[in-house]
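J.: Task: produce atomic coordinates for the following.
(chains A and B)
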Amino acid sequence: MTAAVERAESVSRRGVLAGAGALATAACVPRSGGRGLRFWAMSYEGDYAPLLMTAFTRATGLDVDVQSVPWTAAHEKLLTAQAGGSLPDVFMLPAGWIGEFAMIGAIAPVPAPALVADLVPGVLAPARVGARTYAVPWSVAPQVQFYRRDLLAEVGYDAPPQDWAGWRRMGHALKRRRPDEFVFLMLLNWPGALLGMLFQSGARLLRDHDTRGNFRTPEARAAFAFYLSLYAEGLAPVALSTEVQDPLAAFGQGRYAIWPSGPTTLLDLSRRQAEIPPDRWGTAQLAGPRGPGPVPAINACLCVSAATAHPAAAWALVRHLTSAANELRFQRMIGTLPARASAWHVPRLAGPVIAPFAAQMRSVAPVPMVVEWERIQIEVQLVAERIVRGLTTIDQGLAAIDARVDAILAKRRALVEAGAIA
Amino acid sequence: MTRQERTAWLFTAPVLAVIALVFVLPTALALGLSVTDYSIYALADWSALRFVGLGNFTGLLSTPLFWRALANTALFAALGVPMAVGASLAAALLLHDTTVRWAPFWRVALFAPYVTSVVATAIVWRFLLNTRFGLINYALGLVGLGPVDWLGDPHASIPAILLFVTWKIFGYNMIVFIAALSAVPADLMEAARLDGASRWGRFRHVTLPAIGPTLLLAAVMSVAGFLQLFAEPYVMTLGGPAQSTVTVLYFMFDEGFKWWNLGQASAVALILFLAILAVTIVQTRIGRRYEWL
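T.: Below you'll find the model as predicted:
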């Protein structure tokens, strides 16, 4: 396993260098002329995708120019590319952006139902807009908690409790034993943790056909109160990702005992075993108000540009990348979990590390299908940061979120009232 | 039109054409955009585009974050311009002194940050400013000052970024000032010294009037630069903590390119343009009064 990852890593580095070279040439020839496809993917998917391309190139004779896009710049880069007519033939999208890119006409509907057969339940719903399917799910990323087995054992826990009250009690026990360290690695500009709590507490975040904010509810208030308590009681750091530059190192050094995160953290943990040996950590489902509940997943999908000059080749590439065998190869390389149901039959995915992911995968919260959702999440987190820093109270904050969300959704509201969109 | 005039037009035509294409036309289009509600819905379907008149401007005035961005930008400019110009002038005066050895080396060393990539230097500065392990807090600790959470405290984030920006850009104006200082008449300086003028008196009455125009230029360029601050907060703090380093340009970038509300972003651009124009007019008025123009 280690050797495979190390090999994968070294090849990927070469791939990235090759990609940089290809980028330099692409700057002169923006459109890949002749026989070749362009492919963009975010983060690790982009870094490691070249390893899946050799087999495709061998079978079809088509070269694929892979570009890795950082998550922080992905949304604007893709939108700008669509406006400028320079989208690649095939690209990755998180499931939450599909509605938006389908609406602006950037992506083509899936031509063959066979491409979206044999999928894990629930992953296809976000890829459907109206009666059509616009993307092929590539991986599922249910959020779980990674925990430090050794630190929890010091205070008498085998695994983290699954309900909020127990979770916080465990946090206090850890904090008493190591007062200088924190317990929960939740940074103030990562929207995942709070969003998960909002959905677990059963809050319906938008109302009136998703045209207005609906945050002034007892459920949302409860989630905010719990989130705030973790910071107020010193269990989580009042810090941004710009300050904690290497979360894995911090987790390895024991500065945090609990890290809510997704499957790609498995890659970090396996390639940096020197910092944190495999017997020191485990995974568990995220704690909810009264036990685990539905949490949004950040599933990755593959889309084909509506403007591609080679639709057949592009869909062939999608078929290649989303085959059960290749999704399992990718699972070994970067940790992402396969979206094909048949891929889940291998024994490797039945182990204790993956089991919490599999359980959480069966309980996924549906996020509102509005194009502004990505922005709303970020606005919610910005207000949460102000609450944690004591610049505003929960009630003022929730009212501010509703006002902000109403403003963001104003255009959508006008279009819905005019009957232009459903 | 005389033959000479025709030739003149012929020579300037290519430049004028380029300016019209890459400056006048986009500016006019941005003006047009600023009175529409161009958003992602218009990108999908042109029929969703509406003329909203001054709606974007009134909308901006009721957006708390826009006001916060304006206040942050004003603070950046008010603190940053004196800091940057002062540092440049101080460094130039030091290097201009004849007793300084290895002057070319110091010039290069102090100019180097200006030509180094902002992303690379920002990463180094993020390490320097780290609360727990940073060199700056270590140095403060030696003189007994408590650790400052530079990038995590909304009150310390602007000073932290100003430190970084000043270090990054002061080399450019320093070179300009060194050039200007070498034009200060030596005989005047000599005469002032013989007449018993103090060090401050010589600076105030001989050096300063001679480099006045340069000082004005540096101030105008620095104000325009600080009002358009973007890259440094973008790579250092992503606008945080608690949006304390969101500048007007950062706000415009988020609205326009991240969320594709180009109508509103164009309105921001127009307001920023007017603000820079107003400040520059005030500066040139002051310059005229001292006959620096």
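
J.: and residue A:243, what does it touch?
T.: By C-beta atoms under 8 Å, 6 or more residues apart in numbering or on different chains, the residues touching residue A:243 are A:187, B:130-131, B:151-152. C-betas here are computed from N, CA, C, even on glycine.

J.: Dump these to TSV, plus pLDDT, distance to residue A:306 and neighbour count.
T.: As requested, the contacts of residue A:243 are exported to TSV (pLDDT from 0 to 100; distance: C-beta to C-beta, whole Å; neighbours: other C-beta atoms under 10 Å in any protein chain shown):
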residue	pLDDT	distance to residue A:306	neighbour count
A:187	93	36	20
B:130	86	46	21
B:131	84	48	17
B:151	87	42	24
B:152	86	43	25
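
J.: Out of those residues, which is nearest to residue A:285?
T.: Distance to residue A:285 across the contacts of residue A:243 (C-beta to C-beta) is lowest for residue A:187, with 21.0 Å.

J.: what's the spacing between the closest one and residue B:137?
T.: 20 Å (C-beta to C-beta, to the nearest Å).

J.: and residue B:196, helix, strand or coil?
T.: Put simply, residue B:196 is coil when judged by DSSP: H, G, I helix; E, B strand; the rest coil.

J.: Show the pLDDT at residue 262.
T.: All of this is about chain A. According to the prediction, residue A:262 has pLDDT 92.

J.: Please refer instead to chain B.
T.: We have a pLDDT of 92 for residue B:262.

J.: tally of neighbours for it?
T.: Per other C-beta atoms under 10 Å in any protein chain shown, the neighbour tally for residue B:262 reads 24.

J.: right, and it touches residue B:35 too?
T.: No: here residue B:262 does not reach residue B:35: they are 11.9 Å apart, not a contact under C-beta atoms under 8 Å.

J.: residues contacting the residue of the stretch 1-150 of chain B found nearest chain A?
T.: Residue of the stretch 1-150 of chain B nearest chain A, by C-beta to the nearest C-beta: residue B:44 (4.3 Å). Residues near residue B:44 by C-beta under 8 Å, 6+ apart: A:103-105.

J.: one more time with 6 Å
T.: Applying C-beta atoms under 6 Å, 6 or more residues apart in numbering or on different chains, we find residue B:44 in contact with A:103-104.

J.: Repeat that for residue B:37.
T.: B:50, B:52, B:263.

J.: Just the local confidence number for it, please.
T.: 90.

J.: Got the phi and psi for it?
T.: phi -100, psi 50 (degrees, to the nearest 10).

J.: Find the residue closest to residue A:60 in space, skipping its chain neighbours.
T.: residue A:316 (6.4 Å; C-beta to C-beta, 6 or more residues apart in numbering or on different chains).

J.: Burial check on the one you found, number of neighbours?
T.: Counted with other C-beta under 10 Å, residue A:316 comes out at 17.

J.: need the contact list for the spatially most central residue of chain A.
T.: Centroid-nearest residue in chain A: residue A:298, 3.3 Å away (criterion: C-alpha atoms, centre = their mean). Going by C-beta under 6 Å, 6+ apart, residue A:298 touches A:94, A:141.

J.: for it, helix, strand, or coil?
T.: Residue A:298 - assigned by three-state DSSP - is coil.

J.: now stretch A:311-323, how far from the chain's geometric center?
T.: Mean-position distance between stretch A:311-323 and its chain equals 22 Å (C-alpha atoms, centre = their mean, to the nearest Å).

J.: Which positions within that stretch qualify as buried?
T.: A:313-323 (16 or more other C-beta atoms under 10 Å in any protein chain shown).

J.: Same check on stretch A:136-155?
T.: Those buried within stretch A:136-155 under the rule 16+ other C-beta under 10 Å are A:136-148, A:151-152, A:155.

J.: Run through the residues that contact residue A:89.
T.: When contacts are taken as C-beta under 6 Å, 6+ apart, residue A:89 is in contact with A:37-38, A:305, A:308, A:314.

J.: give me phi/psi at it?
T.: phi -60, psi -40.

J.: How about residue A:80?
T.: Residue torsions, per degrees, to the nearest 10, at residue A:80 are phi -60, psi -40.

J.: burial measure for the closest residue to residue B:172 other than its chain neighbours, as a count.
T.: Distance criterion C-beta to C-beta, 6+ apart; nearest residue to residue B:172, sequence neighbours excluded, is residue B:114 at 4.9 Å. Residues lying near residue B:114 (other C-beta under 10 Å) number 16.

J.: Pretty sure residue B:114 sits in a helix.
T.: Yes: Residue B:114 forms part of a helix when assessed by three-state DSSP.

J.: Look up how far residue B:91 lies from it.
T.: 12 Å.

J.: count of residues packed around the nearest residue to residue B:207 once chain neighbours are set aside?
T.: Using C-beta to C-beta, 6+ apart and skipping the chain neighbours, the partner closest in space to residue B:207 is residue B:184 (5.5 Å). Using other C-beta under 10 Å, residue B:184 is surrounded by 16 other residues.

J.: Kindly confirm whether my reading is correct that residue B:184 touches residue B:210.
T.: Yes: checked against C-beta atoms under 6 Å, the pair residue B:184 and residue B:210 is within contact range at 4.4 Å.

J.: Identify the residue nearest the residue nearest to the spatial centre of chain B in space, chain neighbours excluded?
T.: Nearest to the mean C-alpha position of chain B, by C-alpha atoms, centre = their mean, lies residue B:225 at 1.8 Å. Distance criterion C-beta to C-beta, 6+ apart; nearest residue to residue B:225, sequence neighbours excluded, is residue B:169 at 7.2 Å.

J.: would that neighbour count as being in a helix?
T.: Yes: according to three-state DSSP, residue B:169 belongs to a helix.

J.: Low-confidence stretches in the stretch 151-300 of chain A?
T.: Judged against pLDDT under 70, the stretch 151-300 of chain A has no low-scoring part.

J.: Which secondary structure element is home to residue A:381?
T.: helix A:373-388 (DSSP states H and E).

J.: ok so, going back, scan the contacts of residue B:37 and report the most crowded one.
T.: Neighbour counts for the contacts of residue B:37, by other C-beta under 10 Å, peak at residue B:263, which reaches 26 neighbours.

J.: if I've got this straight, that one is in a helix?
T.: Yes: using three-state DSSP, the secondary structure at residue B:263 is a helix.
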